[in-house]
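Participant: Let me see the structure of the following:
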Amino acid sequence: MLKKGKKESVSYGIVGLGRFGYALTLELARSGADLLVIDRDEEKIKEIREFTENALVVHSLDKKTLLETGIQNCDVAVVCIGEQMEFSILTTLNLVSMGIPRVVAKASGAEHGEILSRLGAEVVFPERDMAVRLAKRLEASTVLDFIQLGEQINISKVRIPDCFVGKSVLEVDLRSKFGVNIIAVENHQKATDHVSPEYVFRKDDILIVAGKEDGIIQLSESEQS
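Facilitator: Residues are numbered from 1 along each chain as shown. Next up is the predicted model:
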């Protein structure tokens, strides 16, 4: 049973180990989050225990059983059983009624999402949100080329985000914000590999940067204003 001690970090309760729930649990576990995971599938629970000890097999999601798991002590509860609408709605209702500060629920469609929202949950649409994000990335086409030199080092050509135009290298501070270093700047097929901190980014600049993949992706998705 999960119990809160001193408020040092956010604790999460994950209900359901489908693809979404499993992936979410792995990411939170890798970040060192305080987790409680519940599912009716013993094999899935056995697998996830390699990443978090607080994984419980439950055969019912009624309020009494949920209370016995200790999920009411979590700061955030996430309902990851969107495909089974009835179970999703009842579980969400139970968790909200327990007074958990933040309840997030996966929805499989607009109608499902509206019901969850009315119950007081924060609604997510994983498939839709992923599709929208992909469409924006394809539309923006800010990452022009990508070379992976190893697990930690990647070199990419990235179109300068509009919000950086008119600002200096020092002001934007890519190393601090994204963990990437500028190797060179290209503009209208002319490139310079001597980029001083005072260099002011121009429209149509293309940055050749080195860093981790996550940082390069974050840079490419910077707000275009």
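Participant: Looking at residue 208 now. What's its pLDDT?
Facilitator: With respect to pLDDT, residue 208 scores 86.
Participant: Ok, residue 6 next?
Facilitator: Value for residue 6, per-residue pLDDT: 40.
Participant: Packing partners of the longest strand seen in the chain?
Facilitator: The residue-count maximum for a strand in the chain (DSSP state E) belongs to strand 180-187. Counting contacts by 3 or more Cβ pairs under 8 Å, 6 or more residues apart in numbering; DSSP states H and E, strand 180-187 packs against helix 174-178, strand 190-192, strand 206-211, helix 213-220. In short, each C-beta sits where N, CA and C put it, glycine included.
Participant: How is this structure partitioned into domains?
Facilitator: 11-131, 141-220 (automatic domain parsing).
Participant: could those domains go into JSON lines alongside mean neighbour count?
Facilitator: Output for the domains of the chain, formatted as JSON lines (neighbours: other Cβ atoms under 10 Å):
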{"stretch": "domain 11-131", "mean neighbour count": "18"}
{"stretch": "domain 141-220", "mean neighbour count": "15"}
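Participant: weakest of those by average pLDDT?
Facilitator: Among the domains of the chain, domain 141-220 scores lowest, with a mean of 81.
Participant: from the chain's centre, how far out does that domain sit?
Facilitator: The chain centroid and the centroid of domain 141-220 are separated by 23 Å under Cα atoms, centre = their mean, to the nearest Å.
Participant: Likewise for stretch 84-96?
Facilitator: 23 Å.
Participant: Let me see the contact set for residue 33.
Facilitator: Contact partners of residue 33, counting by Cβ atoms under 8 Å, 6 or more residues apart in numbering, are 9-12.
Participant: Tell me the bridge partners for the residue of the chain most remote from its centre.
Facilitator: What lies farthest from the middle of the chain is residue 190; by Cα atoms, centre = their mean that is 37.0 Å. In this entry, residue 190 is beta-bridged to residue 187, by DSSP bridges.
Participant: Give me the contacts around the longest strand of the chain.
Facilitator: Contacts for strand 180-187 (Cβ under 8 Å, 6+ apart): 155, 157, 169, 174-175, 191-193, 195, 199, 201-202, 204-212, 215-216, 219.
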